[in-house]
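1. give me a model of this one.
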Amino acid sequence: MKTTIKIVSTTLSLIGLMTFGAFTLGATDCTDTTTLVASGSSGSICSSAAFTSGASSTINGDVSAKAAVTLGASSKASGSVKSGAAFTSGANSVVSGNVTAVGDITLGAKSRIAGTVHSGTGVITYGDGATVGTVLP
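-> Next up is the predicted model:
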């Protein structure tokens, strides 16, 4: 019985590999870019420098930058943001995930961060009506 289960399991694994190919779970493709134009749209961003999005832009994924991250007014990021320096969000911007910055964090008026926020310097400045899910020490 054990031998039969092992053979069936091995056979199913091989069929799955032949049908779907090898893949890596959790791998995210991202674009090394420093600027997203106003009203522009992009998938995940992984900038080797700073990153700035223009007003009303949409990032469908995470943002990671070696330097500062600035989201323009009314911009939306559906993932988390990781900044190697400061993080600034324009008025009415939304981050659906977490924000982690080595430097200060400045949230524009009515900005919303759904997840956690962590500033390496401990400085978080809230614009009028800005909200955060949880502030981490």
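2. let's check: the centremost residue of the chain is which one?
-> Note on the chain: the residue nearest the mean C-alpha position is Asp62, at 2.1 Å, using CA atoms, centre = their mean.
3. against Asp29, how distant is it?
-> Distance of Asp62 to Asp29, computed by CB to CB, to the nearest Å: 11 Å. C-betas here are computed from N, CA, C, even on glycine.
4. quick check: neighbours shared by the two?
-> Common neighbours of Asp62 and Asp29, counting by CB atoms under 8 Å, 6 or more residues apart in numbering, are Ser44.
5. re the thing from before, state the distance from the closest residue to the residue nearest to the centre of the chain other than its chain neighbours to Gly122.
-> In this structure, Asp62 finds its nearest non-sequential neighbour in Gly79, 3.6 Å apart by CB to CB, 6 or more residues apart in numbering. Note on Gly79: its distance to Gly122, by CB to CB, is 24 Å.
6. repeat that for Ala109.
-> Taking CB to CB, one finds Ala109 at 22 Å from Gly122.
7. where in the protein is pLDDT low?
-> Where the chain drops to pLDDT under 70, the residues are 1-28.
8. try 50
-> Within the chain, the segments meeting pLDDT under 50 span 2-27.
9. Gly79 and Gly122: which is more packed in?
-> Gly79 (21 against 10; other CB atoms under 10 Å).
10. could you pull up the residues touching that one?
-> For Gly79, the contacting residues are Ser44, Ile59, Gly61, Asp62, Val63, Ser96, Gly97, by CB under 8 Å, 6+ apart.
11. how much space between the residue lying closest to the third one once chain neighbours are set aside and Val37?
-> Right, Gly61. For Gly61, ignoring the flanking residues on the chain, the nearest one in space by CB to CB, 6+ apart is Ser44 at 3.1 Å. Relative to Val37, Ser44 is positioned 17 Å away (CB to CB).
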